[in-house]
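> whatever this is, show me its structure:
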Amino acid sequence: MHYHQLKLAALSALSIWASAVACRDIVSASGLEARDGVNYTELATKLSKNAQIYLPGSGAFDAAVARWSNLSTPVANLVVVPSTEHDIVETVNFANQYSLPFLTTNGVHGSITTLGKMTHGIEIHLSQLSGITITPDGQTATIGGGVIAKNLTDALWAAGKQTVTGTCECVGYLGPGLGGGHGWLQGHYGLIADQFVSANVVLANGSLITVDENSELFWALKGAGHNFGIVTSMTSKIYDIQQPNYAIETLIFSGDQVEAVYEVANEQWLTNGKTMPLDLINWSYWYFDPVTDPEKPVIAMYLIQQGVDTVDTAYTQPFLNLGPISTQALSGTYRDLATWTGISLDATPCQKTGNANPRFPIYLKSYNTTAQARVYELFNQATTNASTAFSNALFMFEGYSQQAVKAIPSASTAFAYRADNLLVAPLLTYTPDGPALDARASELGNQIREILYQGSGETSLNTYVNYAYGDETPLAWYGSEVWRQDRLRALKGEVDPLGRFSFYAPIV
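Predicted structure coming up:
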């Protein structure tokens with residue numbers, strides 16, 4: 001990836017372990033000399049012995065700042081990897097002292113273009129805050145801010161427990177959760193954010209507080225949390241594993257069948273008051289696979305059922321009646337879901353390849369099959385042309401069971417879109433090649449989204465903030481109701497009046 005060199009470009013390559021004054025192991029103290037009025041040695045002396053500081057030119061720095069999407073990326077002059085909550089307090093206070101921007105990172109997939117507004121400052125990388133502690137009663141677990149989804153799933157599974165996490169194994173637990181957070185188990189338990197019990201949070205002024213359901217801030221953390229602080233740990237609900245076994249049926253269709261495929265989905269689950277069965281998840285992907293179809297993108301329909309070894313024919317037969325190109329049936333456990341759907345830790349979507357990966361999400365209640373056909377044709381033209389830059393694009397349609405999500409009152413969290421049934425997003429993967437190509441991707445993605453929006457019959461654009469492209473508005477990210485916007489802005493003014501947390505989908 002290409003990273004702009006800004007004020008501290010002259011800093012020598014250096015990775016240090018920051019520790020107490022008496023026992024610092026600093027490779028070259030000159031690397032942390034005061035520069036441009038900023039004394040970075042001062043910060044190093046205040047951090048715990050296992051905290052780390054990375055400077056430009058080191059492999060550790062490059063790895064820490066590398067993004068999954070190389071489009072409008074944030075720029076850091078220094079990376080701090082805290083080992084304790086207090087390290088974050090010291091780093092925020094230091095940044096405030098020198099009026100330095102700071103940005104907290106963890107996981108992989110935060111790709112919103114508003115991050116590019118950070119042109120210098122400190123990255124706070126939470127990877128060392130990776131503790132997972134199950135409480136003695138087995139009802140909750142305290143989860144460090146640096147924990148990723150796979151590690152949490154595996155740790156809980158070993159104890160006979162599970163909770164709602166993001167579906168992709170390499171995403172963090174808290175990053176998605178602070179934006180609401182969809183997951184395989186949400187039909188049973190609600191969103192990731194719905195599991196939150198209490199949180200330790202470092203505020204913009206450097207103070208460390210604990211909040212729970214009695215706090216206005218806790219309401220905001222459940223859907224708009226990126227705007228309000230650094231969550232160092234979260235205590236969340238966990239559950240006994242009830243049905244470990246899962247089955248999947250993958251059906252590959254020709255693009256010529258696009259309207260028929262999504263009409264079946266509507267008739268089965270999404271119209272006339274129907275909803276996705278509690279034990280079923282319905283995903284689909286569009287992508288160009290010249291081996292299967294050299295002319296146009298295919299439709300991969302995933303029917304995933306919990307508690308069985310074979311997906312019920314009541315779910316599969318209506319799709320089989322359409323005559324798919326191929327089918328495949330697999331059985332396993334909950335921990336196989338990411339592999340089956342191509343989002344495991346070692347799969348391509350979890351790798352940092354230098355590509356740009358903008359998404360253009362929209363929530364829907366059901367499929368407008370005419371709109372599906374129109375956007376399929378746009379996707380077809382964009383991905384199969386010999387000169388296209390978007391041949392590796394992926395169109396994602398996520399349909400989870402919604403019972404527990406909808407059982408929670410909409411006003412009880414900052415997440416605004418409990419009434420919607422589908423999460424849809426084109427992912428326009430491409431190799432960066434300058435502003436003109438970026439503009440083409442933006443135009444295509446927004447054109448696709450606009451067709452879906454117009455076909456939805458909705459009066460406001462509802463988007464998933466964790467997938468956001470960046471040109472959406474706060475009304476699209478956090479709900480268009482006046483009371484929601486007023487409540488969020490008022491709390492922002494109280495908790496973060498200087499807008500220190502404003503690089504990710506800012507409220508104002």
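
> can you list phi and psi of Gly187 for me?
phi -60, psi -30 (degrees, to the nearest 10).

> can you report how many residues neighbour it?
23 (other C-beta atoms under 10 Å). C-beta: built from backbone N, CA, C; applies to glycine.

> isn't it up against Tyr400?
Yes. If you go by C-beta atoms under 8 Å, Gly187 and Tyr400 touch, sitting 6.2 Å apart.

> shared neighbours of those two, which are they?
Met276 (C-beta atoms under 8 Å, 6 or more residues apart in numbering).

> residues in contact with the spatially closest residue to Gly479 that is not a sequence neighbour?
The shortest distance from Gly479 to any non-neighbouring residue, by C-beta to C-beta, 6 or more residues apart in numbering, is to Ala416 (2.8 Å). For Ala416, the contact set (C-beta under 8 Å, 6+ apart) comprises Gly223, Ser410, Asn462, Tyr478, Gly479, Glu481, Arg484.

> please apply the same query to Ser326.
Leu251, Ile252, Thr292.

> so what touches the helix or strand harbouring Met234?
Assigned by DSSP states H and E, Met234 belongs to strand 230-237. Here strand 230-237 makes contact (C-beta under 8 Å, 6+ apart) with 85, 88, 92, 104, 124, 126, 129, 131, 135, 139-145, 163, 173-174, 177-178, 189, 195-202, 208, 221, 225.

> of the residues you listed, keep whichever come out buried.
Neighbour counting by 16 or more other C-beta atoms under 10 Å classes 85, 88, 92, 104, 124, 126, 129, 140-145, 163, 173-174, 177-178, 189, 195-202, 208, 221, 225 among those as buried.

> please narrow the residues you listed to those residing in helices.
Glu85, Ile88, Val92, Leu174, Gly177, Leu178, Tyr189, Leu221 (DSSP state H).

> redo the residues you listed as JSON lines? Include pLDDT and distance to Arg67.
Output for those, formatted as JSON lines (pLDDT from 0 to 100; distance: C-beta to C-beta, whole Å):
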{"residue": "Glu85", "pLDDT": "98", "distance to Arg67": "25"}
{"residue": "Ile88", "pLDDT": "98", "distance to Arg67": "21"}
{"residue": "Val92", "pLDDT": "98", "distance to Arg67": "22"}
{"residue": "Leu174", "pLDDT": "97", "distance to Arg67": "18"}
{"residue": "Gly177", "pLDDT": "98", "distance to Arg67": "20"}
{"residue": "Leu178", "pLDDT": "98", "distance to Arg67": "18"}
{"residue": "Tyr189", "pLDDT": "98", "distance to Arg67": "31"}
{"residue": "Leu221", "pLDDT": "98", "distance to Arg67": "24"}
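
> out of the contacts of Ala416, who's nearest Thr271?
Asn462 (18.5 Å; C-beta to C-beta).

> what residues are up against the closest one?
Contacts of Asn462 were listed using C-beta under 8 Å, 6+ apart, and they are Ile362, Tyr363, Ala416, Tyr417, Asp420, Ala476, Gly479.

> which one of those is nearest to Gly354?
Checking those against Gly354 with C-beta to C-beta, the nearest one is Ile362 at 27.2 Å.

> what's the helix or strand for the closest residue to Ile132 other than its chain neighbours?
Leaving aside its chain neighbours, Ile132 sits nearest to Ala155 (4.6 Å; criterion: C-beta to C-beta, 6+ apart). Assigned by DSSP H and E, Ala155 belongs to helix 149-158.

> contacts for that helix, please.
Taking C-beta under 8 Å, 6+ apart as the rule, helix 149-158 contacts 107, 130, 132, 134, 141, 143, 162-163, 165-173, 176, 238, 241, 334-335, 338, 344-345.

> likewise stretch 432-446?
So stretch 432-446 is in contact with 70-71, 354-356, 358-360, 378, 382, 389-390, 426, 428, 430, 469, 471, going by C-beta under 8 Å, 6+ apart.

> quick one: low-confidence ranges for the chain?
Within the chain, the stretches with pLDDT under 70 are 1-36.

> domain parsing for it?
Per automatic domain parsing, the structural domains of the chain span 14-125, 132-240, 245-476.

> what about the longest one, start to end distance?
Chord length of domain 245-476, first to last residue, is 37 Å (C-alpha to C-alpha, to the nearest Å).

> so where does the closest residue to Asp420 other than its chain neighbours fall, helix or strand?
Residue nearest to Asp420 in three dimensions, not counting chain neighbours: Tyr363, with 3.7 Å by C-beta to C-beta, 6+ apart. Assigned by DSSP H and E, Tyr363 belongs to strand 362-364.
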